[in-house]
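K.L.:
Requesting a structural model of the entry that follows:
(2 chains)
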Amino acid sequence: MRPLTSGSPQRPAAVPALVFTGVSKRFPDGTVALAGVDLEVGSGEFVSVVGPSGCGKSTLLRIAAGLTDPTDGSVSVSTDHIGYVFQDPTLLPWRSVQANVELPGELRHLPKDERRRRADNAIKLVGLDEFARHRPRTLSGGMRMRVSLARSLTLQPELFLLDEPFGTLDEITRQRLNDELLQLFVSQRFAALFVTHSVTEAIYLSTQVIALSARPGRVLGQFEVPFDYPRAPELRFDPEFTRIAARVSACLREAGP
Amino acid sequence: MSTTSRRSQVARWGWRWGAPAVVAGLVIGVWYTVSYRLLTEDTRFLVPPPDAVVRVGFLDPVNRAELLNGLLLSARVGTLGLVTAAVVGICLAILMSQARWVEDSVFPYLVLLQATPILALVPLYGFWFGYGFTTRVLVCFLISLFPIVANTLFGLRSVDREHHDLFTLHGAGRITRLWKLQLPSALPSIFTGLRIAAGLSVVGAIVGDFFFRQGEAGMGVLIDYYRARLQSEQLFAAVILSAAFGLAVFMLFGTLARKVVGGWHESGRDSTPT
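P.N.:
Below is the predicted model of the structure:
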């Protein structure tokens, strides 16, 4: 594992958190969502998958989480501490923020004190202590997403799967949550597979960006992102950042729709 | 609180109660006009004036006791039928949501039951179970069963896929999923079903009663009795009391829904059309 304060992204020596080998997915209705996808998320790495809508990105994550099986190929996950953040916050509207965040621990039969303690910590981490007793409907979209993040943090995930979690938020909230997510990444040391359709977001967050083609999804290219953590918002205007963004965009464009 | 907001609150309150009060006043006015202007003394029994209805139907102690006893019986019948239908209906919907074959084998018959005019069946039930309390409850039970089953099942089935994924991800079993996810998210639908069923149960308790000449007199029996004897003041009083009872049941379920799901679901709010 990397030291906590470390800067440069390095290839992990340990067992990778997630490996896809030739993964394909065909649905019963005949549509092919993924065609022979290879990818690897090393422990402590942040990998983003970027691609157009409907390229099977969500399917990729569902397969990684074991929610659905691949038709072909193999998946290996080195941990069962998986955090999953859905596209929508998927909070239970009848539960308070606190009770929502406690849910995974409850379903995993953690003792009451333990799950309460973990939920308190997670809620503090995303800065919502004051709202612990609120119902989701009284919160803004960004706050709901924070609750969703807190919920997946309670089981101390070693692999974090995020399915376009900030896609529906406004740009300002989205950038703020990007920074919060990076803070969590630096402090919690999980491996992450992050799905998005924003090239900028992918590069800003990741150690590695994977470009996926339109349906059926295939890997078009992999791009290393050599910036240190913690990253500052100004990084988005760095010439090197722009160069990488240009290459990723070109790669996506060439594949065409 | 500022004066403007207080003034607007008063205005809202005035509108909320004032507008229906004006309509009520108009209705009573028309009622009096019909009684005294359009009808002669010989035909006035067709539409007795409101004060006569109140005097004869509600203020006369003997008549009042008769009416209230009838209402009490009908209320007991309706409530028992509704409660039984709620318990059976919700359990049935849960079973259906858990096993497709239960739904496939039972649902068509529920539809058939729903499609058969209940009044056509009442005489038959009378043959089998006698024209007593049990049959009256059975009528209310049967008439209110379908909306409860259908709405509960719909609620249990319409849980988001992502919510299901969340529970699958953390290894939740069937019972946990039902108890912590499906039933709570079905609550608004269950209340919708209960509210519809409650209305039907009141109808069942009163209309089904027309067939029951023997035994204690419920609302329906009384209404038929007043009609046959041209006691129109009491007939009007019985109709008004039935309407008030139906309204009270409707409002009870509205309040109940607001208390239980109003904190997190739109259906429990005031503004929802019902």
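
K.L.:
all strands of the stretch 101-250 of chain A, in order?
P.N.:
Listed in chain order, the strands of the stretch 101-250 of chain A (DSSP state E, counting those that start in this stretch) span A:159-163, A:191-196, A:208-212, A:219-224.

K.L.:
Please apply the same query to the stretch 1-150 of chain B.
P.N.:
Counting by DSSP E, counting those that start in this stretch, the stretch 1-150 of chain B yields no residue ranges for strands.

K.L.:
mind listing the helices for it?
P.N.:
All helices of the stretch 1-150 of chain B, identified by DSSP state H, counting those that start in this stretch, fall at B:3-33, B:50-52, B:61-98, B:100-115, B:118-129, B:133-157.

K.L.:
Now the shortest one: buried residues?
P.N.:
When neighbours are counted by 16 or more other CB atoms under 10 Å in any protein chain shown, the buried residues of helix B:50-52 are found to be B:Pro50, B:Ala52. Heads up, the C-betas are built off the backbone N, CA and C, glycines and all.

K.L.:
quick one on the thing from earlier: of the helices of the stretch 1-150 of chain B, which is nearest chain A?
P.N.:
Among those, the nearest to chain A by CB to the nearest CB is helix B:133-157 (12.8 Å).

K.L.:
Against which helices or strands is the next helix or strand after that closest one packed?
P.N.:
Sequence-wise, the next helix or strand downstream of helix B:133-157 (DSSP states H and E) is helix B:161-169. Under the contact criterion of 3 or more CB pairs under 8 Å, 6 or more residues apart in numbering or on different chains; DSSP states H and E, helix B:161-169 touches strand A:82-85, helix B:174-177.

K.L.:
Could you identify which of these is most buried?
P.N.:
Among the helices and strands packed on helix B:161-169, strand A:82-85 has the highest mean neighbour count (mean count of other CB atoms under 10 Å in any protein chain shown), at a mean of 24.

K.L.:
Is it in proximity to chain B?
P.N.:
Yes - part of strand A:82-85 sits near chain B under the criterion CB under 8 Å from any CB of the partner chain, namely A:Ile82, A:Tyr84.

K.L.:
show me what contacts the residue of chain A found nearest chain B?
P.N.:
Distance from chain B to each residue of chain A (CB to the nearest CB) is smallest for A:Leu107, at 3.8 Å. The neighbourhood of A:Leu107, defined by CB atoms under 8 Å, 6 or more residues apart in numbering or on different chains, consists of B:Phe167, B:His170, B:Gly171, B:Ala172, B:Thr176, B:Lys180.

K.L.:
top of the residues you listed by neighbour count?
P.N.:
Highest neighbour count within those: B:Ala172, with 21 neighbours (other CB atoms under 10 Å in any protein chain shown).

K.L.:
Enumerate the residues of the stretch 1-150 of chain A near chain B.
P.N.:
For the stretch 1-150 of chain A, the contact set with chain B under CB under 8 Å from any CB comprises A:62, A:65, A:67, A:82, A:84, A:86-88, A:90, A:92-94, A:103-104, A:106-108, A:135-137.

K.L.:
tell me the mean pLDDT over stretch A:200-215?
P.N.:
What stretch A:200-215 shows for mean pLDDT is 92.

K.L.:
Alpha carbons of that stretch, in CSV - could you do that?
P.N.:
Taking Å, rounded to 0.1, in the frame of the first residue of the first chain, the C-alpha atoms of stretch A:200-215 are listed here in CSV:
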residue,chain,number,x,y,z
THR,A,200,-12.6,16.5,-17.6
GLU,A,201,-14.1,14.8,-14.5
ALA,A,202,-12.4,11.5,-15.4
ILE,A,203,-8.9,13.1,-15.7
TYR,A,204,-9.3,15.3,-12.7
LEU,A,205,-10.1,12.4,-10.4
SER,A,206,-8.1,9.5,-11.8
THR,A,207,-4.7,7.8,-11.9
GLN,A,208,-5.8,6.2,-15.1
VAL,A,209,-8.6,6.9,-17.7
ILE,A,210,-10.1,4.3,-19.9
ALA,A,211,-12.0,5.3,-23.0
LEU,A,212,-14.9,3.1,-23.9
SER,A,213,-16.6,2.9,-27.4
ALA,A,214,-20.3,3.2,-28.0
ARG,A,215,-22.4,0.1,-27.8
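
K.L.:
just for the chain, where's the confidence low?
P.N.:
Looking at chain A here, since you left the chain open. By pLDDT under 70, the weakly predicted segments of chain A are A:1-14, A:256-257.

K.L.:
that answer is for a different chain, and I need it for chain B
P.N.:
Using pLDDT under 70, chain B drops low at B:1-4, B:213-215, B:267-274.

K.L.:
about what we covered before: any chance of the helices of the stretch 1-150 of chain B in a markdown table, plus distance to A:Asn121?
P.N.:
Shown next, in a markdown table, are those (distance: least, CB to CB, whole Å):
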| stretch | distance to A:Asn121 |
| --- | --- |
| helix B:3-33 | 42 |
| helix B:50-52 | 68 |
| helix B:61-98 | 36 |
| helix B:100-115 | 42 |
| helix B:118-129 | 58 |
| helix B:133-157 | 34 |
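
K.L.:
quick one, which of those helices is packed in tightest?
P.N.:
Across the helices of the stretch 1-150 of chain B, the average number of neighbours (mean count of other CB under 10 Å) peaks for helix B:133-157, which reaches a mean of 23.

K.L.:
Could you find the residue nearest the spatial middle of the chain?
P.N.:
Using chain A here. By CA atoms, centre = their mean, chain A has its centre lying nearest to A:Leu162, at 2.7 Å.

K.L.:
that's the wrong chain, I meant chain B
P.N.:
With distances taken as CA atoms, centre = their mean, B:Gly199 lies nearest the centre of chain B, 1.9 Å away.

K.L.:
buried sites along the helix or strand harbouring B:Ala244?
P.N.:
Element membership for B:Ala244, per DSSP H and E: helix B:232-261. Buried residues in helix B:232-261, counted by 16+ other CB under 10 Å: B:232-242, B:245-246, B:249-250, B:253-254, B:256-258, B:260-261.

K.L.:
With that, I have no additional questions.
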